[in-house]
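K.L.:
Requesting a structural model of the entry that follows:
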Amino acid sequence: MIPYTGDYIEHIDGSIDNFKYYTFTPRPLMHGDMYKMDDELSALLIETHRNIGFLKGLFKYAPNREAFVELMLLKECTYSRMIDYDTLTFHDVLASRGSGKNDIASITNLKLAYNKAIDRTISAPVLSELCGIALYGDVVSKPVDIRDKQTFLLGVRTNLKSYNPTAPDAVLPALADISAYLYNDKDTDPLIKAALVHYQFEMIHPFERYNGIVGRIIVQMALRDIANEPLLLICLSEYFYHNKNEYFDLLQTTQYSGGYIRWIKFFVDAVGKSAKRSAQLLIQYEAIVAKDKKHLKDIRLLPKSVWIVYDYLKFFPVTSISHAAKQLGSSFNSISMAVHVLSENGIVIQKNDNVRNRIWEYASLTSLFIQE
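P.N.:
All right, here's what the predicted structure looks like:
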């Protein structure tokens, strides 16, 4: 007998010859008894909490943590978009952001939504607001309404009992169940709660667009109590992107398999490996910066502008001189001279052959963030 994971609700569409179709309403999380703890899950939880704790310790004393957070959050937003859409690579986003070329509003809007979510609680109005910010930015308040019509998997209407997202009239109660479970269940490990909340949200599919993206923002909100600010360093979407087949397969088949345990284990392992990877990157990032700063300090009579540009490059490792000058409020010639000194000392390299609008790259930092 397949364990109960939700209900298929029959509907009749009178506008299309009384067409019969089914929607899936996932089992309420507040019902409990969603999984059974075993040795493998217990070991994964211990390892993941250890990795998060190690990252938190590193982050607390990292000299350049603001710059590192900025780049890691940008990376998370880029990979979250890449999971669901054809979009720019992370290197392309860095180049566009540092040169002012190409439109990366889809990424910067998403970054705004992640930042806005840090101190918010999960509820239907908040999720509508975050979806609006992710889509349109924070210039105007434009929340996205919960959908009021049925959507179908891949746009295909079928009378088979295949997965179609939760019916519109059941969406708000299902979202309320997520919130009640997350904030009232004090006994379940936060990692397991985050796994179930993310899965549940994706099954409900409350918006016409950006459900996957908002669902990944929810993970940050659900894990806030155990990771807080260092959670911005955990590029979970990068892991999901490189394991996209398994990620989608588990999301789509859990209601057929009848159990949540495989999904929970995958999710917990993904968080743990992502936290471990972020800790490794932070150590390498700080080592590169420390080495290059020491090298610069050994240069006599180094102009102040070189230090200004170097600090800028920690946030914008790919840039043009004109864009850097604009961002820093300095003259083109001053920034050009500083970049020339950094180039002579092997810290930046020119990435194109253009005489005008040359792109410069802090190669050791950039390669650190885009390596597979």
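
K.L.:
use CA for all of it now, contacts and neighbours both
P.N.:
Will do.

K.L.:
for Tyr210, what are its contacts?
P.N.:
Cys131, Leu135 (CA atoms under 8 Å, 6 or more residues apart in numbering).

K.L.:
Kindly recompute the last result at 7 Å.
P.N.:
Cys131 (CA atoms under 7 Å, 6 or more residues apart in numbering).

K.L.:
same thing with Ile213?
P.N.:
Ile213 makes contact with Ser80, Arg81, according to CA under 7 Å, 6+ apart.

K.L.:
can you check Ile321 too?
P.N.:
Phe332, Ile335, Ser336.

K.L.:
can we see that at 8 Å?
P.N.:
Neighbours of Ile321 in contact, by CA under 8 Å, 6+ apart: Phe332, Ile335, Ser336, Val339, Asn357, Arg358, Ile359, Trp360.

K.L.:
State whether the fourth one is indeed within a helix.
P.N.:
Meaning Val339. Yes - checked against DSSP: H, G, I helix; E, B strand; the rest coil, Val339 lies within a helix.

K.L.:
Any idea how many residues pack against it?
P.N.:
Neighbour count of Val339, defined by other CA atoms under 10 Å: 24.

K.L.:
Equivalent analysis for the third one, please.
P.N.:
Neighbouring residues of Ser336 were enumerated by other CA under 10 Å; the total is 19.

K.L.:
List phi and psi for the closest residue to Pro26 other than its chain neighbours.
P.N.:
Nearest residue to Pro26 in three dimensions, chain neighbours excluded: Gly6, at 4.0 Å (CA to CA, 6 or more residues apart in numbering). Note on Gly6: its backbone torsions stand at phi 160, psi -180 [degrees, to the nearest 10].

K.L.:
and Gly6, how many residues sit next to it?
P.N.:
Gly6 is flanked by 14 other residues according to other CA under 10 Å.

K.L.:
wait, it sits on Phe24?
P.N.:
Yes - assessed by CA atoms under 8 Å, Gly6 is found in contact with Phe24 at 6.7 Å.

K.L.:
ok so, going back, possible to save the contacts of Ile321 as JSON lines with secondary structure?
P.N.:
As requested, the contacts of Ile321 are exported to JSON lines (three-state DSSP):
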{"residue": "Phe332", "secondary structure": "helix"}
{"residue": "Ile335", "secondary structure": "helix"}
{"residue": "Ser336", "secondary structure": "helix"}
{"residue": "Val339", "secondary structure": "helix"}
{"residue": "Asn357", "secondary structure": "coil"}
{"residue": "Arg358", "secondary structure": "coil"}
{"residue": "Ile359", "secondary structure": "strand"}
{"residue": "Trp360", "secondary structure": "strand"}
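
K.L.:
which of these count as buried?
P.N.:
Neighbour counting by 16 or more other CA atoms under 10 Å classes Ile335, Ser336, Val339, Ile359, Trp360 among the contacts of Ile321 as buried.

K.L.:
roughly how far apart are Ser123 and Ala324?
P.N.:
Separation of Ser123 from Ala324 (CA to CA, to the nearest Å): 40 Å.

K.L.:
When these two are compared, which one has more neighbours?
P.N.:
Neighbour count, other CA under 10 Å: between Ser123 and Ala324, Ala324 has more, with 24 against 16.
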